[in-house]
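Asker: sequence unavailable; structure follows:
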């Protein structure tokens, strides 16, 4: 893993570097202005052993996680993506990037584009208009789980409100040995087969599966090999006394995680690209789709190494911890810490997780004030259902299916038969529904109706959690909104009360995020402005849950969307379209 | 397996049924005329255990092999194919069907159509203009191996020149446990990984893998289960004294096969839809893509059952025989025969296979005379090569790659930049090439040039086999021609001599076929008429070999091809095309 120590904002090196920077500006104007950063990616299947178990993964230029995109605020990113898969299409989403003016490059198959065919090259082009830590990943079928993901780091033009010496990216993930086709087959069969717990947890693409767990027979003797260098333990080498900014992100398929560095405090300073009023944690809880920056000072006994751990929370974990080494230079990077890895928090203790959620506020001096009121309130109750014999997730009794014609093109070109024109409801029967009980939800349907939002208005979303189809069970769902950041106005336990609870909203210094958790049996309230013309997905970031219908689609300002590029068309009712066509 | 005993041509039942048939004709005119046979197929992934080993297969309406298409000569077949795969495209080829007037429905991805996207429905429509035994299967990537195949049985309007009481379809196959993605990854890596021998042989979709061979560990305890009914032994029940027409076909990925019914002679009467001058065999050799009808009389000791066997020939077999039961009614269908299965012929004995090839002549009275001379002779030398570090197969030093834009559309719409406009050579340096030695073939290239054939002419093709990249090794290749039947003019050993060998051609009663083998270190000479406007693939039917470039493309009469349906367009340079577009 090669990462540049971007020290522009490092404590001691700043003055010298500012001089250097100014000098370089004079010598080369492009350093001071927005640059175009051009990437050429070849996407294909390769055998890899991220956790010592050999399986087919989808790589970018031979790597999973894919290459980190390094850019500066205002830069234009161009990714020329070549699909070298055999018979499979592709689409890649730029997670956290707003795509102002380029909603067609959001990379969401069925929503903003047609899939990219094998052999085709697709050019994504967008501006990274905010500094921060973002992600990219496949957004088609369940391909994200096959390893197609990476990080986007956007450095700011202005000085940051905190200092550090070095920075490092760490993507956390969980890892399944079954192929995405196998998982999707189980999920979409009438004899429903759940994906189950992941086989291992990865830290920056490296994990360790206990090969001795393979008890049933298979053909391939080299299937599991603990000495494969691809699954060597992840090592973060630190210089004693220095402060590190760790950009930690989760792209788990399923798992909520607790991330720890043995014996070290972490000061949370950024979340989803927004500065956080600093607070200190020992366990950083992360939900799939979230990114955080934490500052860690290497200020402990320098004669030894320390464990980096990742553990499943919120589900009764059977997956062993992901382990890495926090290596104090000059100790040998592979030298095991003398201690046992720290114990994770109890998996079923919601309180510390809710406490972390509540602790995340916008940093003083960086607060973006939310509008004091909203124009529309949409309460989204998520439920697990059986629809036509299939297990699904629904939102207000609607389980989302994606149309063959991308919503964006259908809306822009007014193809009204491409999807269900009846919008899903703004709420549910909150009086008649007991969120603590297993419910029948017999009225649930699978369809592709969408929410049409008035442009330039303020919308409140209340995510309401409930019991699943199993008694005494409610799950954590991380919801991710495309094209926007939202203010997180509040969290609560039990059923949201539309009269009382909004009075407790934090309108003073709410954090803005693009991904937020709704905790078991709880609710989460969000607010956002409909100022980004396009069609945007809002969905549970658990891969299997979105696949099972747990998401909604928002349209806003479709009439303000510019001319769509023909590259996103060609499927469904847009077969035969080209740039100068209208239907 | 439900098959109707089509007894119209059965010996004893004919008079009664003819009366019935005539009566029905008066009552319903459609029985006497060409009918439209409409099929709706849903194609998806499902877990199946054809050989007791559970893996993901591609099914049609829940089945592999898919449903048999039953039709009468002159009927129109309409197949509405819904792609319910998750992220994979599709195309289905109608193997042996000429597609006169509908070359766009040949189903060959990259040649005659764009792939069918997930969620899309594609309508294939074509006339089955000749009686006989044909096949259908996926023709995209290596999807055929995933189980997407079946049989087409076209009954004749005229009486057949042989009689039987009942008929039965049997598709032979070999079976791999790895996914097609895994196989294709190995084949297309610089660190080349061959697919290896198949794990089992299937008879009409049923085989038996020895689960105790799984020595290395895996996660899934139910992976291999010998008591799964999906891998129950294939049983052909016969009534003592009756004569059966067995329509036997091979759709192996790799293997040449010997098919036997213990203690029973088989009289070969049809090959690839053409009547054969009857001859008797104990072993019927079949190469991938071939179909045969054999007559078998149940005239042995009726107190017992007999083995049906399928064995690998031409490669040193490590795959155990495929076994079925030839069940004499009323013995119990599952009762094992009291004998051991008959031994197959020696795998490396070419002579009996060459002898069978030579024995197949057109049936007296059904001979279609070939033109006495040809207008063009193309000699195709097949070689194994390393090109740019990748292992490939080449024909006259050209390894075929398929373009993103289907050849048919590119040619019809004159899109000259869609593929290499330089045609591959009509021959090779036959003086300077030793077919018995490993050759460097350093001039081999991967490209997509094609042969342009003059319409309404006679073309001779000589397939010339050679040594592979391994010493003292030459393989058997079954070559399949789309859109045509060809006359098989002769087979020979060693290097074809353009001056002497044509004099030995059989111009009297050569069989017509669509698939023919070229034997190790040998040659095979074919002749066909260019009377079918379209673009036609001619290729080795071994899935991995075609994938590695072992094929050529013939264009003939492109100017006579009618207006292309827009359903085959939409990819590559035809993105944005619709029916009324020209580029």
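Answerer: Yes, it's here. These figures come from a predicted structure and were not determined experimentally. Numbers count the residues shown, from 1 in each chain, chains lettered A, B, ... in the order given.

Asker: can you name the residues that contact the residue in the stretch 351-500 of chain A positioned nearest to chain B?
Answerer: In the stretch 351-500 of chain A, no residue comes nearer to chain B than residue A:404, which is 4.4 Å away by Cβ to the nearest Cβ. Bear in mind the C-beta positions are built from the backbone N, C-alpha and C, glycine included. Residues near residue A:404 by Cβ atoms under 8 Å, 6 or more residues apart in numbering or on different chains: A:110, A:418, A:571-573, B:117, B:119-120.

Asker: ok, now how distant is it from residue B:148?
Answerer: 21 Å (Cβ to Cβ, to the nearest Å).

Asker: start and end of stretch A:388-401, how far apart?
Answerer: 14 Å (Cα to Cα, to the nearest Å).

Asker: show me which positions of that stretch end up buried.
Answerer: Residues of stretch A:388-401 classed as buried by neighbour count (16 or more other Cβ atoms under 10 Å in any protein chain shown): A:390-401.

Asker: what of stretch A:470-490?
Answerer: Buried residues in stretch A:470-490, defined by neighbour count with 16+ other Cβ under 10 Å: A:474-490.

Asker: among the residues you listed, which are located in helices?
Answerer: Among the buried residues of stretch A:470-490, DSSP state H puts none in helices.

Asker: from those, list the ones also adjacent to chain B.
Answerer: For chain B, no contacts are drawn from the buried residues of stretch A:470-490 by Cβ under 8 Å from any Cβ of the partner chain.

Asker: pop the domain breakdown of chain A in here.
Answerer: Segmentation of chain A into domains, based on automatic domain parsing, reads A:1-30, A:37-359, A:376-566.

Asker: sorry, back to before: any chance of the buried residues of stretch A:388-401 in a markdown table, plus secondary structure and pLDDT?
Answerer: Shown next, in a markdown table, are those (DSSP: H, G, I helix; E, B strand; the rest coil; pLDDT from 0 to 100):
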| residue | secondary structure | pLDDT |
| --- | --- | --- |
| A:390 | strand | 96 |
| A:391 | strand | 96 |
| A:392 | strand | 97 |
| A:393 | strand | 98 |
| A:394 | strand | 97 |
| A:395 | strand | 98 |
| A:396 | coil | 97 |
| A:397 | coil | 96 |
| A:398 | strand | 97 |
| A:399 | strand | 98 |
| A:400 | strand | 98 |
| A:401 | coil | 98 |
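
Asker: of those, just say which sits nearest to residue B:244.
Answerer: Nearest to residue B:244 among these is residue A:390, at 42.9 Å by Cβ to Cβ.

Asker: quick one: the closest one from residue A:282, how far?
Answerer: Note on residue A:390: its distance to residue A:282, by Cβ to Cβ, is 42 Å.

Asker: for the contacts of residue A:404, work out which two are farthest apart.
Answerer: Farthest-apart pair in these is A:418 and B:117; separation 14.4 Å (Cβ to Cβ).

Asker: in terms of neighbours, single out the busier of the two.
Answerer: Summary of the neighbour comparison: residue A:418 and residue B:117, criterion other Cβ atoms under 10 Å in any protein chain shown, with residue B:117 having more neighbours (24 against 21).

Asker: quick one, what contacts residue A:57?
Answerer: A:45-48, A:50, A:64, A:146-147.

Asker: mind running it again at 10 Å?
Answerer: Applying Cβ atoms under 10 Å, 6 or more residues apart in numbering or on different chains, we find residue A:57 in contact with A:44-50, A:63-64, A:145-148, A:175, A:179, A:205, B:185.

Asker: point out where the stretch 201-350 of chain A drops to low pLDDT.
Answerer: A:215-221 (pLDDT under 70).

Asker: one more time with 50
Answerer: For the stretch 201-350 of chain A, no stretch is flagged by pLDDT under 50.

Asker: can you give me the strands for it?
Answerer: A:216-218, A:234-238, A:243-250, A:256-261, A:266-271, A:274-281, A:283-286, A:291-297, A:306-313, A:322-328 (DSSP state E, counting those that start in this stretch).

Asker: can you name the residues bridging to the closest residue to residue A:368 other than its chain neighbours?
Answerer: Residue nearest to residue A:368 in three dimensions, not counting chain neighbours: residue A:512, with 6.0 Å by Cβ to Cβ, 6 or more residues apart in numbering or on different chains. Assessed by DSSP bridges, residue A:512 has beta-bridge partners residue A:487.

Asker: is it correct that residue A:512 is in contact with residue A:270?
Answerer: No: between residue A:512 and residue A:270 no contact is recorded; they are 11.3 Å apart, counting by Cβ atoms under 10 Å.

Asker: quick check: neighbours shared by those two?
Answerer: Common neighbours of residue A:512 and residue A:270 (Cβ under 10 Å, 6+ apart) are residue A:366.

Asker: need the pLDDT of the closest residue to residue A:495 other than its chain neighbours.
Answerer: Distances taken as Cβ to Cβ, 6+ apart place residue A:435 nearest to residue A:495, at 5.4 Å, with adjacent residues excluded. Per-residue confidence (pLDDT) for residue A:435: 96.

Asker: now the helices: where do they sit in chain A?
Answerer: Under DSSP H, chain A gives helices at A:14-27, A:180-187, A:350-359, A:407-412, A:543-547.

Asker: and these, which one is worst for confidence?
Answerer: Lowest mean pLDDT of those: helix A:14-27, a mean of 49.

Asker: spit out the contact partners of the residue in the stretch 251-400 of chain A positioned nearest to chain B.
Answerer: Closest to chain B within the stretch 251-400 of chain A is residue A:318: 12.4 Å, counting by Cβ to the nearest Cβ. Neighbour list for residue A:318: A:196-199, A:312 [criterion: Cβ under 10 Å, 6+ apart].

Asker: pull out the buried members of the contacts of residue A:57.
Answerer: A:44-45, A:47-50, A:63-64, A:145-148, A:175, A:179, A:205, B:185.

Asker: just these: which are in strands?
Answerer: Judged by DSSP state E, the buried ones among the contacts of residue A:57 include A:44-45, A:47-48, A:175 as members of strands.

Asker: which one of those residues is nearest to residue A:411?
Answerer: residue A:44 (33.3 Å).

Asker: tell me the pLDDT at the residue nearest to the closest one when sequence neighbours are not counted?
Answerer: Among residues not flanking residue A:44 along the chain, residue A:84 sits closest, at 3.8 Å (Cβ to Cβ, 6+ apart). With respect to pLDDT, residue A:84 has a value of 98.

Asker: residue A:84: how many residues sit nearby?
Answerer: Neighbours of residue A:84 under the rule other Cβ under 10 Å: 16.

Asker: let me see the contact set for it.
Answerer: Going by Cβ under 10 Å, 6+ apart, the list of residues near residue A:84 reads A:41-45, A:58-59, A:90, A:118-119, B:188.

Asker: distance of it from residue A:40?
Answerer: From residue A:84 across to residue A:40, the span is 12 Å (Cβ to Cβ).

Asker: next one: residue A:323
Answerer: Residue A:323 sits 35 Å away from residue A:40, going by Cβ to Cβ.

Asker: with residue A:102 instead?
Answerer: From residue A:102 to residue A:40 the distance is 19 Å (Cβ to Cβ).

Asker: which of those two has more residues huddled nearby?
Answerer: Higher neighbour count among residue A:102 and residue A:40: residue A:102, with 20 against 11, using other Cβ under 10 Å.

Asker: for the more buried one, give its distance to residue A:568.
Answerer: As defined by Cβ to Cβ, residue A:102 lies at a distance of 10 Å from residue A:568.

Asker: between those two, what contacts are shared?
Answerer: Common contacts of residue A:102 and residue A:568 (Cβ under 10 Å, 6+ apart): residue A:112.

Asker: just to revisit the earlier point, show me which of the contacts of residue A:84 is closest to residue B:294.
Answerer: Nearest to residue B:294 out of those is residue B:188 (Cβ to Cβ; 38.3 Å).
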